[in-house]
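Trainee: I would like to see how this sequence folds:
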Amino acid sequence: MNPGYELPVDNVNYNFAFLDEFAKREIRRNILKAISIPGYQTPYASREMPMGRGFGTGGLQLTLSLLGAGDTLKVIDQGADDSVNAVNLRQFVELTCPGANTTERAAEANIIQSRHRIPEDKLTADQILVLQVPTPDPLTIVEPSEARRKIMHGEGDYAPLLTRLYEDIVQFDEIAISNRYPTRLNGHYVIDSSPIPRFDVPKMHQSAALILLGAGRERKIYAVPPFTDAVPLAFEDVAFRTEAFLDSKGERRQCDRCTSVTSYLDEIIHPDGSRHWQCSDTGYCNDRCAQLQNAECEEARP
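Mentor: Prediction:
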């Protein structure tokens, strides 16, 4: 997108939030269906967007269908607000949604669109989290037929998926899935949790915020309604675990900027070969730096 180009927002032929009203109503109806049956993959007519599929078109369509004048949106990519994908999606919303606001602080947003992360800040009942999803069905890795997968979901037959997890244990002595961890909702449907790390999966359990997941290429919407049980698949003798971020002494690493010991950390290797650890969620890290008034905190990530 050319940053110098401005869409004709005053043109009567131009529709708010890019999508036409019929498209937004259709997506909203399917969102309601998805909320009614937690984890059920609701098909919808995914529209063409002015960006390549795989760059968050599914999540963006959900966001544009929900966003209105006066709403505040935060866009995250890999936890960062300043990545190329996050900046472009945020600019697109700013150009096509006059009256809507954008922010880099999770607490100020009532709609949060994210790719690969759930914010560190605890979400509230007044917020909606939209996650981008490349492959919505966790059974894809064990069953190629969509018709057969639908039957398996309906019957709650996830034995092949559990076998896949067991094969990991046999080979690696643990479940080796690092992201998109299969998660069971309300004791029935198992969902693909999107490419969020295992660290973020427990945040779905009994979340006060509504979580919507959209796959533009696969044309599917599914949801984790507020205060819904979301339990990662595991075994009694091999429990689900998250990333620990331990150092050589077995102690939990802290963020080099804000000193957080509870957040998901990114490892950053500097040109001199030194290794540093920082919060993946840049908005959360910046807020902590401001609160701590730490002189060592920098305005930008190195």
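
Trainee: Let's see the pLDDT reported for Ala290.
Mentor: Here, the pLDDT recorded for Ala290 equals 88.

Trainee: Leaving out sequence neighbours, find the closest residue to Leu246.
Mentor: In space, and not counting its chain neighbours, Leu246 is closest to Arg252: 6.2 Å by Cβ to Cβ, 6 or more residues apart in numbering. C-betas here are computed from N, CA, C, even on glycine.

Trainee: which residues does the one you found contact?
Mentor: The contact partners of Arg252, by Cβ atoms under 8 Å, 6 or more residues apart in numbering, come to 244-246, 261.

Trainee: Lys24 now?
Mentor: Lys24 makes contact with 17, 64-65, according to Cβ under 8 Å, 6+ apart.

Trainee: What are the phi and psi values at Pro43?
Mentor: Main-chain dihedrals, Pro43, degrees, to the nearest 10: phi -70, psi 150.

Trainee: With the one 10 residues further on instead?
Mentor: Per-residue torsions, Arg53: phi -60, psi 140 (degrees, to the nearest 10).

Trainee: Please export the C-alpha coordinates of stretch 117-131 as CSV.
Mentor: Output of stretch 117-131 as CSV, limited to C-alpha atoms (Å, rounded to 0.1, in the frame of the first residue of the first chain):
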residue,chain,number,x,y,z
ARG,A,117,0.2,-13.9,20.2
ILE,A,118,-2.4,-13.2,22.9
PRO,A,119,-1.6,-10.0,24.8
GLU,A,120,0.1,-10.3,28.2
ASP,A,121,-2.4,-7.9,29.7
LYS,A,122,-5.4,-9.7,31.0
LEU,A,123,-8.4,-9.2,28.7
THR,A,124,-11.7,-8.0,30.0
ALA,A,125,-15.4,-8.7,29.2
ASP,A,126,-15.5,-5.4,27.2
GLN,A,127,-12.9,-6.6,24.7
ILE,A,128,-12.9,-8.9,21.6
LEU,A,129,-9.8,-10.7,20.5
VAL,A,130,-9.6,-11.6,16.9
LEU,A,131,-6.9,-14.2,16.0
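
Trainee: now that stretch: mean pLDDT?
Mentor: Stretch 117-131 comes out at a mean pLDDT of 96.

Trainee: Check the gap between the spatially most central residue of the chain and Gln171 for me.
Mentor: In the chain, the residue lying closest to the centroid (Cα atoms, centre = their mean) is Leu131, at 3.4 Å. Distance, Leu131 to Gln171, by Cβ to Cβ, to the nearest Å: 29 Å.

Trainee: One more: Ala23?
Mentor: 45 Å.

Trainee: The two: who's more crowded?
Mentor: Ala23 (19 against 9; other Cβ atoms under 10 Å).

Trainee: Which positions within stretch 46-58 qualify as buried?
Mentor: Burial within stretch 46-58, assessed by neighbour count using 16 or more other Cβ atoms under 10 Å, is assigned to 46-47, 49, 51, 55-58.

Trainee: Repeat that for stretch 227-245.
Mentor: So stretch 227-245, judged by 16+ other Cβ under 10 Å, has buried residues 228, 230-234, 240, 245.

Trainee: With Ala230 as the reference, measure out to Glu120.
Mentor: When Glu120 is compared with Ala230 (using Cβ to Cβ), they lie 18 Å apart.

Trainee: next one: Lys24
Mentor: 27 Å.

Trainee: is it true that Asp121 touches Glu104?
Mentor: No - contact between Asp121 and Glu104 fails when scored by Cβ atoms under 8 Å: they sit 11.8 Å apart.

Trainee: Now do the shared contacts for those two.
Mentor: With Cβ under 8 Å, 6+ apart as the test, Asp121 and Glu104 both reach Gly283.

Trainee: any chance you could map the strands in this protein?
Mentor: 42-43, 72-77, 101-102, 111-115, 128-132, 182-185, 190-192, 210-215, 220-224, 230-232, 265-269, 275-279 (DSSP state E).

Trainee: Compute the first-to-last residue distance for stretch 199-207.
Mentor: End-to-end span of stretch 199-207 (Cα to Cα, to the nearest Å): 15 Å.

Trainee: wait, stretch 48-68
Mentor: 21 Å.

Trainee: Outside of that stretch itself, list whatever touches it.
Mentor: So stretch 48-68 is in contact with 1, 17-19, 23-24, 27-28, 31, 46-47, 73, 85, 88-89, 92-93, 96-97, 99-100, 111, 113-115, 128, 130-134, 212-218, 220-221, going by Cβ under 8 Å, 6+ apart.
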